[in-house]
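Participant: Got a sequence here, can you build the structure:
(2 chains)
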Amino acid sequence: DTGVSQNPRHKITKRGQNVTFRCDPISEHNRLYWYRQTLGQGPEFLTYFQNEAQLEKSRLLSDRFSAERPKGSFSTLEIQRTEQGDSAMYLCASSLRAGVLNGETQYFGPGTRLLVL
Amino acid sequence: AQTVTQSQPEMSVQEAETVTLSCTYDTSESDYYLFWYKQPPSRQMILVIRQEAYKQQNATENRFSVNFQKAAKSFSLKISDSQLGDAAMYFCAYTHSGNTPLVFGKGTRLSVIA
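Facilitator: This next block holds a predicted model:
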């Protein structure tokens, strides 16, 4: 069983450019979560999906951030018109579903580290 | 809103000794889950241990165990026989039932001294 994968692992971009990150969850996991982690802090929730439905997006940091999971499998997180304050680690996690053994446990990918110059 | 507090920004332990990391949380929910995650430097966050709030028995995973005090809303992690590979950031996290997003503490950086 492969774990959660994220691509790219590192991204350097110039301010004002758009970036897109991809997350592939563990197969059969129907929930997928995006978090942001800045240096020395715990991860901060951004948005999450159950299958293709986005259940919460009010915590996305601004309208420059968007996410989708079109077929209920992989997900993408896009940041438009990047700013230096967007520099952070973006983490993806997935979980099976409530009601099954360990269904609430979230498993994390390696993250995408973004640097905005 | 639920909050998670880790009051120890940094801890250190001698190799082979035991260390306890503290975590408190605030919630009005009765059904929830608590986790400890480990994040080594520049490496992936991995699950250390989980605890269901409805279970009175404290969870254990090999050298890792928790002291779950539901009334006090306390969830500490004990690492026995510490190893150099235990050096990492440790995050305490909470979610209430239904696969909701995790709420994390700010983490505790653990150093292991040879």
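Participant: any chance you could map the strands in the chain?
Facilitator: Looking at chain A here, since you left the chain open. With strands called from DSSP state E, chain A shows them at A:5-7, A:10-13, A:19-24, A:31-37, A:44-50, A:53-56, A:65-68, A:75-79, A:88-95, A:107-108, A:112-116.
Participant: Sorry, I should have been clearer: chain B.
Facilitator: Secondary structure of chain B by DSSP E: the strands cover B:3-5, B:10-14, B:19-21, B:24-26, B:32-39, B:46-52, B:60-61, B:64-69, B:74-79, B:88-96, B:103-104, B:108-113.
Participant: And the pLDDT at the residue of chain B found nearest chain A?
Facilitator: For chain B and chain A, the shortest gap (Cβ to the nearest Cβ) falls at B:Phe104, measuring 3.3 Å. Heads up, the C-betas are built off the backbone N, CA and C, glycines and all. Looking at B:Phe104, its pLDDT is 96.
Participant: Any idea what the residue at minimal distance from the centre of chain A is bridged to?
Facilitator: With distances taken as Cα atoms, centre = their mean, A:Trp34 lies nearest the centre of chain A, 3.0 Å away. Bridge pairing for A:Trp34 (DSSP bridges) gives the partners A:Thr47, A:Cys92.
Participant: Wait, it touches A:Leu91, no?
Facilitator: Yes: with contacts counted by Cβ atoms under 8 Å, A:Trp34 reaches A:Leu91, the gap being 7.3 Å.
Participant: Could I get the contacting residues of the residue nearest to the centre of chain A?
Facilitator: Listed by Cβ atoms under 8 Å, 6 or more residues apart in numbering or on different chains, the contact set of A:Trp34 reads A:23, A:45-48, A:67, A:75, A:77, A:90-92.
Participant: what do you get for B:Lys78?
Facilitator: Each residue near B:Lys78 by Cβ under 8 Å, 6+ apart is listed here: B:18-21, B:64-67.
Participant: cutoff 7 Å now
Facilitator: By Cβ atoms under 7 Å, 6 or more residues apart in numbering or on different chains, the residues touching B:Lys78 are B:18, B:20, B:65, B:67.
Participant: Look up the closest residue to the residue positioned nearest the centre of chain B, ignoring the ones flanking it.
Facilitator: When Cα atoms, centre = their mean is applied to chain B, the residue found nearest the centroid is B:Trp36 (3.2 Å). Closest residue in space to B:Trp36, ignoring its immediate chain neighbours: B:Val48 at 4.3 Å, by Cβ to Cβ, 6 or more residues apart in numbering or on different chains.
Participant: For that neighbour, report the pLDDT, please.
Facilitator: pLDDT at B:Val48 comes out at 97.
Participant: just A:Gly85 next, same as before
Facilitator: On the pLDDT scale, A:Gly85 is placed at 95.
Participant: about what we covered before: rank the strands of chain A by pLDDT, which is bottom?
Facilitator: strand A:53-56 (a mean of 90).
Participant: shared neighbours of A:Trp34 and A:Leu91, anything?
Facilitator: Going by Cβ under 7 Å, 6+ apart, no residue sits against A:Trp34 while also sitting against A:Leu91.
Participant: how close does the residue of chain A found nearest chain B get to B:Ala114?
Facilitator: Nearest residue of chain A to chain B (Cβ to the nearest Cβ) works out as A:Gly42 at 3.3 Å. Note on A:Gly42: its distance to B:Ala114, by Cβ to Cβ, to the nearest Å, is 28 Å.
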